[in-house]
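fold the following.
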Amino acid sequence: MNEPAGAETTAARPEGRRNDEMADAHSKPNHDYHLVEPSPWPLVGSISAFITACGAIMWMKGLPFLGLKMGAYVFGAGVLGILYTMAAWWSDVVKEAEYGGYHTRVVQLSHRYGMILFIASEVMFFVAWFWAYFDASLYPGEAIQYSRTEFTGGHWPPKGVEVFSPWHLPLLNTLILLTSGTTITWAHHALLHGDREGLKKGLMLTIVLGLIFTGVQAYEYAHAAFGFKGSIYGATFFMATGFHGAHVIIGTIFLIVCLARALKGHFTPEHHLGFEFAAWYWHFVDVVWLFLFTAVYVWGGWGAHIAGH
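As a prediction, the model looks like this:
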């Protein structure tokens, strides 16, 4: 069959030209989606997580390896591998966003959906701890839970438990977190209006407030009149507030990374997805604390004996 005039078959093209066309098509896609490059981090992260799990089991069970009890060291090596994977992988994502131009509007939309789903899963995580707390506090004298009734005396908080005054350190931490919510909003507003100094100052203040919150909570834990073990009140209290404290620490690290990026000139009024997600996460932490303060400290300690009084 005769080819039309000017046509050129694939076989007739020079090899170098075909390779150039393929490379150009790969480097300049005609779509809005991000087809990621091959990365070692999923494999490295999986291996690190496996080492961490093995180390944790060896450590908790006291299992020897080559005749030595190395569980703690294996666990530590796995954790370091996970932390390195997180730093390296997110560093690649930052480079793709800032310098690669891969985060188009469509990609950013998918990232927003992902962050929304992540926060929704975090909400359900805390729902589980609230469920455990309310199940124990609303039904302290349930007949079928005879061991619980025997321990609590049929009322909440259980007999002999001295609780924190909600109007002392818990109220202080509530004010600290509410203030941090305003400073992160100030930073976001400054970024949207091109005020780089306002962005940096707002982030710095939010980080300082987050660190103060963590310090106050650590002081509170150190002076608790009840322990984690042997008490359903202590177990539900420390699991709910402790996991929230862990999220505050994670959020503070998130904000520190955003501050470091802001100091390097990252983020623009049109492109600041990393900062936006940090702000979402921080507001989520704020809201969870308001529920904890109301349910655990105020309502949960109503009428109970206050420690130190």
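
would you list every one of the helices in the stretch 1-150 of the chain?
Using DSSP state H, counting those that start in this stretch, the helices found in the stretch 1-150 of the chain span residues 15-27, 41-61, 71-95, 105-138, 146-152.

could you point out which of the ones you listed sits nearest residue 163?
Smallest distance to residue 163 across the helices of the stretch 1-150 of the chain (Cβ to Cβ): 11.7 Å, for helix 105-138. The C-beta positions use only the backbone N, C-alpha and C, and glycine is treated the same way.

pull out the buried positions in the closest one.
For helix 105-138, the neighbour count (16 or more other Cβ atoms under 10 Å) marks 107, 111, 122, 126, 129-130, 133-134, 136-137 as buried.

same question, stretch 63-83
Buried residues in stretch 63-83, defined by neighbour count with 16+ other Cβ under 10 Å: 70-71, 74-75, 78-79, 81-82.

low-confidence stretches in this structure?
Residues of the chain meeting the criterion pLDDT under 70: 1-29, 143, 146, 151, 303-309.

domains in it, by residue range?
Listed by automatic domain parsing, the domain ranges of the chain are 36-102, 105-306.

redo these as JSON lines? Include distance to residue 30.
Shown next, in JSON lines, are those (distance: least, Cβ to Cβ, whole Å):
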{"stretch": "domain 36-102", "distance to residue 30": "14"}
{"stretch": "domain 105-306", "distance to residue 30": "13"}
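
deepest-packed of the ones you listed, please.
Of all these, domain 105-306 carries the top mean neighbour count, a mean of 17, counting by mean count of other Cβ atoms under 10 Å.

pick out the most distant pair among the buried residues of stretch 63-83.
Largest separation among the buried residues of stretch 63-83 by Cβ to Cβ: 70 and 82, giving 18.1 Å.

can you put the helices of the stretch 1-150 of the chain in TSV and add distance to residue 224?
Formatted as TSV, the helices of the stretch 1-150 of the chain follow (distance: least, Cβ to Cβ, whole Å):
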stretch	distance to residue 224
helix 15-27	59
helix 41-61	25
helix 71-95	27
helix 105-138	16
helix 146-152	18
